[in-house]
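Q: no sequence on this one, just coordinates:
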């Protein structure tokens, strides 16, 4: 931990840089920060002329590295401002003049403070340690392979700062080239603790000084004996980030409880005219069987759909939990003032015509009203929301009332309707479907906080295009994941965040790169596409939690077995190495031309009894933790026969307290579709015509189990 005296020295240094109107620190200034935070760097001195450079090099007594020192030149190598392995007075003098000359050619107006003379570090593995201020997540630390090719290799991983030792060490295993650090071709492994220590110290630095926007230690030379940063670059932010209004967990739960379990709803803009949004919302609430009070609000009507209408929400005699807006955007602000006077805690803003259509001031106005009057805003620009267990269908879209354990949210109305159609087609019961739209106020972290506590919700799936407050989302996810899975479909795999970067770390920290790692750090399962998000959400509550890593494939077709094996590997799962005694047991049920091992190939012509015997064996052996079944259609064992025997055996073992995830891939004629539906309804996740999908779902279950601490493995790589 940095001492108070050293922290004051860093504060004085940063204030001085600011006073000079600079945002980039020079290398000697970076050395001051490195010394204060215990970041290991080589010995170095600043030479203002060639004679000083010769004297500096002599004091180090060996080959040196010489680098240009200029606040106007960030990328020294690009400017020809670095010479390595300089030895002897003549070489030092020549290098000094060459570096300065190159710098002048590169940037004529650059202020040159001198040349840094630095001890030459022994050769080792070049890595990068850095930090960047991400617009979504704030301070983020980075680690990866470093050197001049760092932006070409792009083998970097990210974590929220500050990190602890375990998280820092996990970063070393999360890059694609992790094996290099462990030693290859006879090379000794690097000192992992020394690298992790550099990550920790950079993490602490940016947490202590939020005005530091970017930090680069590149390259860090890692050897078996330690890790030394050959270069340190520090860049300050041009302006302080805008603070976002926050709510306590209890405040969120209190308002969300009244939104999702309301006793009374007002529909502002309710209408008797079919085709109007206000008519559709009111009709859905009535037809959906909402048991509480429903109050139409319209100053031009006394009665709407058989309900007494009020000119204003302030005229409603009883308490109201939710006001649903179905009026044009320009009318929202004055009506929201009335909602505030009525002390209604939640406003559901269906109208479009705000920031999404070039009217940010209109959106800022309603946000300000909500903050001033204590109203939480859902939307605007949404299709509404469904809370099925309380018969709330507050939407102008088609109703849905199949109650279940999946909560679904979407930022897009179109995606929301895809969610609805999928739920209906697959008979997926939902606890809620919520549109978020522009997320002027309520967003994913509010919903996560609520669904994490909601007893009706077993799994949460969220489509998002961005996060307003990535740290709040991560905090909510970390509180939720140990209790139930969170699946996210993050749209927009761009690198827009890298455009204005002043450091290698900043250039590498594109939007998706940071999102990908930090969502994993939070324990969230990231779905690659919409269908995968929906399938994960549907399947995860069905599958039991695995108790170990050993996956066994039992298949009636060798080709399916190979594809299923590939899928197991692709999804980070482990094919069990079958012990000799279990192999012998499997062979008792397999014809001589079949194949034991893993996959267990029982061949296609076997009767139902062979499928049943091998499935029983897999479920009964405690060393087997999950089963992947591959079926193909034969007259000997028809699809529904296979489905019935599989479901019966799985149910029998569950009644005995033996619960293992079982997934199945069925290939054949159209009858396999009915067989899959039969299996799914009985707790076996099954899909026709695909070997990839059932294993991907199993992989998602394993990723959640690890993130929830129910299996070993920690951070999901």
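A: On my side now, so go ahead. Every value quoted in this text rests on a predicted model; they were computed, and no experiment measured them.

Q: lowest-pLDDT helix or strand in this protein?
A: Least confident element among the helices and strands of the chain, by mean pLDDT, DSSP states H and E: helix 504-508 (a mean of 59).

Q: Tell me which residue is most central in this structure.
A: residue 519 (2.0 Å; CA atoms, centre = their mean).

Q: Excluding covalently adjacent residues, which one is nearest to that residue?
A: Spatial nearest neighbour of residue 519, excluding adjacent residues (CB to CB, 6 or more residues apart in numbering): residue 526 at 5.2 Å. Every C-beta, even on glycine, is put in place using the N, C-alpha and C of the backbone.

Q: Distance-wise, check the one you found relative to residue 693.
A: 17 Å (CB to CB, to the nearest Å).

Q: same check, this time on residue 53
A: From residue 53 over to residue 693 (counting by CB to CB), the distance is 65 Å.

Q: Kindly report the same for residue 31.
A: 55 Å.

Q: gap between the two ends of stretch 161-175?
A: Using CA to CA, to the nearest Å, the end-to-end distance of stretch 161-175 comes out at 18 Å.

Q: what do you get for stretch 117-129?
A: So stretch 117-129: terminal residues 22 Å apart, CA to CA.

Q: Show me which residues of it are buried.
A: 117-121, 124-129 (16 or more other CB atoms under 10 Å).

Q: Switch those residues over to a markdown table; also include secondary structure and distance to residue 656.
A: Output for the buried residues of stretch 117-129, formatted as a markdown table (DSSP: H, G, I helix; E, B strand; the rest coil; distance: CB to CB, whole Å):
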| residue | secondary structure | distance to residue 656 |
| --- | --- | --- |
| 117 | strand | 75 |
| 118 | strand | 69 |
| 119 | strand | 68 |
| 120 | coil | 68 |
| 121 | coil | 63 |
| 124 | coil | 56 |
| 125 | strand | 53 |
| 126 | strand | 56 |
| 127 | strand | 52 |
| 128 | strand | 53 |
| 129 | strand | 52 |
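
Q: Go through those residues and say which is closest to residue 368.
A: Proximity of the buried residues of stretch 117-129 to residue 368 (CB to CB) peaks at residue 129, which lies at 41.8 Å.

Q: I'd say that closest one and residue 205 touch.
A: No - taking contacts as CB atoms under 8 Å, residue 129 lies outside contact range of residue 205: 10.9 Å.

Q: Wait, residue 416 touches residue 400, no?
A: No - at 10.8 Å, residue 416 does not count as touching residue 400 under the criterion of CB under 8 Å.

Q: Pick out whichever of those two has more residues nearby.
A: residue 416 (26 against 21; other CB atoms under 10 Å).

Q: buried stuff in the helix or strand hosting that one?
A: Assigned by DSSP states H and E, residue 416 falls within helix 413-426. The neighbour-count check on helix 413-426 (16+ other CB under 10 Å) flags 413, 415-420, 422-423 as buried.

Q: Who are the packing partners of the very next helix or strand once past it?
A: As assigned by DSSP H and E, the chain's next helix or strand after helix 413-426 is strand 430-435. For strand 430-435, the packing partners by 3 or more CB pairs under 8 Å, 6 or more residues apart in numbering; DSSP states H and E come out as strand 384-387, strand 403-410, helix 413-426, helix 444-453.

Q: Could you rerun that using 6 Å?
A: strand 384-387, strand 403-410, helix 413-426 (3 or more CB pairs under 6 Å, 6 or more residues apart in numbering; DSSP states H and E).

Q: any idea of the mean pLDDT in that strand?
A: Averaged over strand 430-435, pLDDT sits at 96.

Q: That strand - which strands sit beside it in the sheet, and in what orientation?
A: strand 384-387 (antiparallel), strand 403-410 (parallel) (DSSP bridges).

Q: quick one: contacts of the longest one?
A: Read it as strand 403-410. Residues from elsewhere that reach strand 403-410 (CB atoms under 6 Å, 6 or more residues apart in numbering): 388-389, 416, 419, 428-434, 436, 447, 451, 457-463, 537, 541.

Q: Filter the residues you listed down to just the buried residues.
A: Of the contacts of strand 403-410, these count as buried by 16+ other CB under 10 Å: 388-389, 416, 419, 428-434, 436, 447, 451, 457-463, 537, 541.

Q: out of the buried residues of helix 413-426, which one sits closest to residue 604?
A: For these, the closest approach to residue 604 (CB to CB) belongs to residue 422, at 32.6 Å.

Q: Hmm, that closest one is touching residue 534, no?
A: Yes - the pair residue 422 / residue 534 is scored as a contact, 4.7 Å apart, by CB atoms under 6 Å.

Q: what about stretch 111-127, distance to the chain center?
A: Counting by CA atoms, centre = their mean, to the nearest Å, stretch 111-127 is centred 37 Å from the centre of its parent chain.

Q: That one spans what distance, first to last residue?
A: Taking CA to CA as the criterion, the two ends of stretch 111-127 lie 30 Å apart.

Q: how close does residue 231 get to residue 26?
A: The value you get for residue 231 to residue 26, if CB to CB is used, is 12 Å.
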